[in-house]
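1. Let's see this in three dimensions:
(2 chains, ligands or ions: 1)
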Amino acid sequence: MKILSLNFLTCAVKACKSSSASYPLHPKDAELVQDDIELNPQLLVNLMPRIDWSALSTTATELGFPALPAQPPTPEELEADEQKLKDLHNLLMQTQIMEGKLVCGNCGHEYAVREGIANFLLPSHLV
Amino acid sequence: MSRITTAASAASAAGISQPQEQPALNKAALAAAPESYEQTHVHNVYESIASHFSSTRYKPWPVIASFLSALPPGSVGLDVGCGNGKYLAVNPNVFILGSDRSANLVRIARDHSGERRCEVAVADGLSLPYREGSVDFAICVAVIHHMSTRDRRREAVGTLLGSVVEGGRGKVLVYVWALEQGNSRRGWDARSDQDQLVPWVMKAKQGGVDGPGNAETTYQRYYHLYRKGELEEDVLAVGGRVVESGYDRDNWWVVASRA
Ligand SMILES: [Zn+2]
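-> Have a look, this model is predicted:
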């Protein structure tokens, strides 16, 4: 699963949705791979308004990436600076979590990631 | 692999030909424990038939394909109950997170348009792992008719609506099987029972050339068939707004947004 996906994922437990501690989920024992994916500048620039930048910064730091700038890049900055665009593409689109866990900071539940697929089915006592 | 063997498959195994007897839907069992009923008559079935099912589901339906193609580049959305992932790559300029209750289908969907090209997770439609109000759109095709009570079907619609951005911009597209399908081989019409078990017959080549022939296993899937107007009622009941709705080849569909 791509790092971009993590920006939209939270705990599947209903009681956790209202807690700010449940987002973003925290990667644990994550094994990463870098895929080679064609850069789609329009897609990347246009989806920036949907990105929660502070959650992305947390995720990047937790996965050992260099700290992100405090503010998200503007569309103009991305269009003017190809390296910025490439760095973002590398982080969001090309980096995948293949194995590991995603942990909810509120309830502590751990969701397994295997072969790039996270499993959010809950045990019956958490549904 | 779990198998739901029925009277019909026993009959076919014994070489008795059509018509097969269709088991009755046990409404008491359904009402008493809808979740375990769906586990048996929906989730276990899809897990067992995943690859056979996928091989018969490769063509995107035009209404859904045009909904996806009309999205602005950079839109982010969900495909809840993505099955084999046939809608995940229709529009390469949008980002879609697919999910399905069946881990076997999710694995197929992940590699739908090349190795690990699609973003997918295993999740339940009533306990989705997405942050609320975060995406531009959600599609949910041939999923909610597998939920066995109206409360659960409405909750599913409400969960989809809750996942898209507030205001009129977030759009949800839902497709369900129609009760009124007079021209289909099933022969249901407005007077038929809305709750049905629908057989899925899987032929498994067994025993080689000299073996007993092609064994068949019949799986029974639960469906709630929607009557005209029912899907729109469910959208309104959970506070949504109907943007557009219609009938397309034995299905009712609706595009809804948050009110
Ligand atoms: Zn939680």
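2. which strand residues sit across from the residue nearest to residue B:244 when sequence neighbours are not counted in the sheet?
-> Once flanking residues are discounted, residue B:244 sits nearest to residue B:255: 4.3 Å by Cβ to Cβ, 6 or more residues apart in numbering or on different chains. (Glycine included, C-beta is placed from N, CA and C.) For residue B:255, the beta-bridge partners under DSSP bridges are residue B:173, residue B:244.
3. Whichever residue of the stretch 151-259 of chain B sits closest to the ion is in what secondary structure piece?
-> Relative to the ion, the nearest point of the stretch 151-259 of chain B is residue B:159 (16.4 Å; Cβ to the ion). Per DSSP states H and E: residue B:159 is located in helix B:150-163.
4. okay, now whichever residue of chain B sits closest to the ion: neighbour count?
-> Per Cβ to the ion, the residue of chain B with the smallest distance to the ion is residue B:129, at 9.6 Å. Residue B:129 sits with 28 neighbouring residues when counted by other Cβ atoms under 10 Å in any protein chain shown.
5. now the one 3 residues further on
-> One way to gauge burial is a neighbour count; for residue B:132, by other Cβ under 10 Å, it gives 17.
6. go on, residue A:104?
-> Residues near residue A:104, counting by other Cβ under 10 Å: 22.
7. OK, contacts around it?
-> If you count contacts by Cβ atoms under 8 Å, 6 or more residues apart in numbering or on different chains, residue A:104 has them with A:10-11, A:13, A:16, A:21-22, A:25-26, A:110-111.
8. May I ask which of those residues has the most neighbours?
-> For the contacts of residue A:104, neighbours tallied by other Cβ under 10 Å; top is residue A:11, 28 neighbours.
9. My understanding was that that one contacts residue A:110; is that so?
-> No - Residue A:11 is beyond contact range of residue A:110, at 10.5 Å (criterion: Cβ atoms under 8 Å).
10. what about the residue of the stretch 151-259 of chain B closest to the ion, distance to residue B:104?
-> 23 Å (Cβ to Cβ, to the nearest Å).
11. These two: which is more packed in?
-> residue B:159 (22 against 19).
12. Quick check: chain neighbours aside, which residue is closest to that one?
-> Using Cβ to Cβ, 6+ apart, the closest residue to residue B:159 is residue B:128 (5.7 Å).
13. which parts of the helix holding residue B:159 are buried?
-> Residues of helix B:150-163 classed as buried: B:152-163 (neighbour count, 16 or more other Cβ atoms under 10 Å in any protein chain shown).
14. same check, this time on stretch A:69-77
-> So, applying 16+ other Cβ under 10 Å, buried residues of stretch A:69-77: A:72-73.
15. What residues does the residue nearest to residue A:6 when sequence neighbours are not counted make contact with?
-> Nearest residue to residue A:6 in three dimensions, chain neighbours excluded: residue A:59, at 5.3 Å (Cβ to Cβ, 6+ apart). By Cβ under 8 Å, 6+ apart, the contact set of residue A:59 is A:3, A:6-7, A:24, A:27.
16. Show me which residues of chain A sit near the ion.
-> A:11, A:13, A:16, A:22, A:104, A:106-107, A:109 (Cβ under 5 Å from the ion).
17. Those into CSV, with extra columns for pLDDT and secondary structure?
-> Output for those, formatted as CSV (pLDDT from 0 to 100; DSSP: H, G, I helix; E, B strand; the rest coil):
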residue, pLDDT, secondary structure
A:11, 98, coil
A:13, 97, coil
A:16, 97, helix
A:22, 98, helix
A:104, 98, coil
A:106, 98, coil
A:107, 97, coil
A:109, 98, coil
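18. Using JSON lines, lay out these together with distance to residue B:120.
-> Converted to JSON lines, the residues of chain A next to the ion look like this (distance: Cβ to Cβ, whole Å):
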{"residue": "A:11", "distance to residue B:120": "18"}
{"residue": "A:13", "distance to residue B:120": "21"}
{"residue": "A:16", "distance to residue B:120": "22"}
{"residue": "A:22", "distance to residue B:120": "21"}
{"residue": "A:104", "distance to residue B:120": "20"}
{"residue": "A:106", "distance to residue B:120": "24"}
{"residue": "A:107", "distance to residue B:120": "24"}
{"residue": "A:109", "distance to residue B:120": "20"}
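19. Near chain B, which residues of chain A are found?
-> A:1-2, A:4-5, A:8-14, A:17, A:23, A:35, A:40, A:42-48, A:50, A:52, A:96, A:111, A:115-122, A:127 (Cβ under 8 Å from any Cβ of the partner chain).
20. what's the helix or strand for the residue of chain B found nearest chain A?
-> The minimum distance from chain B to chain A, using Cβ to the nearest Cβ, falls at residue B:74 (2.2 Å). Taking DSSP H and E as the definition, one finds residue B:74 inside no helix or strand.
21. how many other residues sit next to it?
-> Residue B:74 has 20 nearby residues by other Cβ under 10 Å.
22. again with the one 4 residues further on
-> Other residues near residue B:78 come to 25 when the count uses other Cβ under 10 Å.
23. again with residue B:191
-> Quick note: residue B:191 (other Cβ under 10 Å) scores 7 neighbours.
24. Need the pLDDT of it.
-> Looking at residue B:191, its pLDDT reads 87.
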